[in-house]
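*Asks:* Let's see this in three dimensions:
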Amino acid sequence: MRVLPLAKDVALRAHLDALVASTDRASRLANDPLGLVHGFARDDDREIVGLLAATLAFGNVVAIRRSIGRVLDVLGERPSEMLARTSERELTRRLEGFVHRVYRGPDVARMLARATKLRGKHGSLGAAFARHVDDDSTSGLVHALAVLGDELRGPSPARGLSHLVPDVRKGSATKRLLLYLRWMVRRDDGIDLGLWKGVSPRILVIPVDTHVHRIARNLGLTRRPDASLRTALEITHALARLDPEDPVRYDFALCHLGVSRACPSRRDAAKCAACLVKPVCTKWR
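*Replies:* This next block holds a predicted model:
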């Protein structure tokens, strides 16, 4: 069933395209965890640093970037090489005292150590992921994400690790893992990295946080009240009507529209006056 008539889809795409085009990528990346991943030139380092940055993307962005930087200080200039020659026990020792929200050093060390083993076995995390994408659909992606999560957590994971790498089968929006997939799969457009060539961007699911959820409701992309996986799938389905080949390309612009507080929680004539999506916002219809 269509949520919006075709004419409104056309208008919505036009305004979202304008929003994407107007986004200052350089300044936004400077205040985004992804900006730290761009600081590495090699694909193997970007893949492992991307996993670290995405999974720690929980809370205030200043604190997030500070915590990522604390781990990067341990990993050094060539994180993939350092991890390949460092045991989980040694990495845990070097991350002693690390805390970010509910995550601790041992949680991060276990995830990175298991990711390194996967990379050694398959050549890259992308190759490990792609072999479990059993069909060209979002359901195929969810299945592969569940298997990847199992591999990264390992048996009997601690509470912090279970939150760091959540299980998509439990209904969580798994925003941070879906964010990582967006970074790795979407083509290199100055924001995302396009490292995983074996996965199509058409099957990606939008990472839903409080900002994206609120704006998606304002735009009529969903009416669901919760930031769950079902809500993420509903928003993605709506965006796929606008761009079936790359439905999550609007995510970065939408997220930063909320992070920057340019889109307020309530209708605000002063703040909303210059908003490029105001004409298709349900608050102003």
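*Asks:* Quick check: buried residues in the host helix or strand of Ile215?
*Replies:* For Ile215, the element it lies in under DSSP states H and E is helix 210-218. The neighbour-count check on helix 210-218 (16 or more other Cβ atoms under 10 Å) flags His211, Val212, His213, Arg214, Ile215, Ala216, Arg217, Asn218 as buried. In short, each C-beta sits where N, CA and C put it, glycine included.
*Asks:* and what of stretch 18-29?
*Replies:* For stretch 18-29, by 16+ other Cβ under 10 Å, it's Leu19, Val20, Thr23, Arg25, Arg28, Leu29.
*Asks:* before we move on, what about stretch 254-261?
*Replies:* By 16+ other Cβ under 10 Å, the buried positions in stretch 254-261 come out as Leu254, Cys255, His256, Leu257, Gly258, Val259.
*Asks:* just to revisit the earlier point, mind checking which of the buried residues of stretch 18-29 land in helices?
*Replies:* Leu19, Val20, Arg25, Arg28, Leu29 (DSSP state H).
*Asks:* hang on, isn't the last one packed against Ile191?
*Replies:* Yes: A contact is recorded between Leu29 and Ile191 when judged using Cβ atoms under 8 Å, the distance being 6.8 Å.
*Asks:* So which residue is smack in the middle of the protein?
*Replies:* Among the residues of the chain, the one closest to the centroid is Leu179, at 0.9 Å (Cα atoms, centre = their mean).
*Asks:* For the helix or strand containing that one, C-alpha coordinates in CSV please.
*Replies:* Element membership of Leu179 [criterion: DSSP H and E] is helix 175-185. Extracted C-alpha coordinates of helix 175-185, given in CSV (Å, rounded to 0.1, in the frame of the first residue of the first chain):
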residue,chain,number,x,y,z
LYS,A,175,21.3,1.8,14.0
ARG,A,176,25.1,1.6,14.4
LEU,A,177,25.6,-1.6,12.4
LEU,A,178,23.3,-0.3,9.7
LEU,A,179,25.4,2.9,9.7
TYR,A,180,28.5,0.9,9.2
LEU,A,181,27.0,-0.9,6.3
ARG,A,182,26.0,2.4,4.7
TRP,A,183,29.6,3.7,5.0
MET,A,184,31.1,0.5,3.5
VAL,A,185,28.5,-0.2,0.8
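*Asks:* Okay, now the unreliable bits of the stretch 101-250 of the chain?
*Replies:* Judged by pLDDT under 70, the stretch 101-250 of the chain has no weakly predicted residues.
*Asks:* all strands of it, in order?
*Replies:* Ranges of strands in the stretch 101-250 of the chain, per DSSP state E, counting those that start in this stretch, are 103-104.
*Asks:* Now do the helices in it.
*Replies:* Using DSSP state H, counting those that start in this stretch, the helices of the stretch 101-250 of the chain run over 105-122, 125-130, 138-153, 159-164, 175-185, 210-218, 229-240.
*Asks:* I'd like these laid out as a markdown table, including distance to Val62.
*Replies:* Output for the helices of the stretch 101-250 of the chain, formatted as a markdown table (distance: least, Cβ to Cβ, whole Å):
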| stretch | distance to Val62 |
| --- | --- |
| helix 105-122 | 19 |
| helix 125-130 | 27 |
| helix 138-153 | 26 |
| helix 159-164 | 20 |
| helix 175-185 | 17 |
| helix 210-218 | 16 |
| helix 229-240 | 26 |
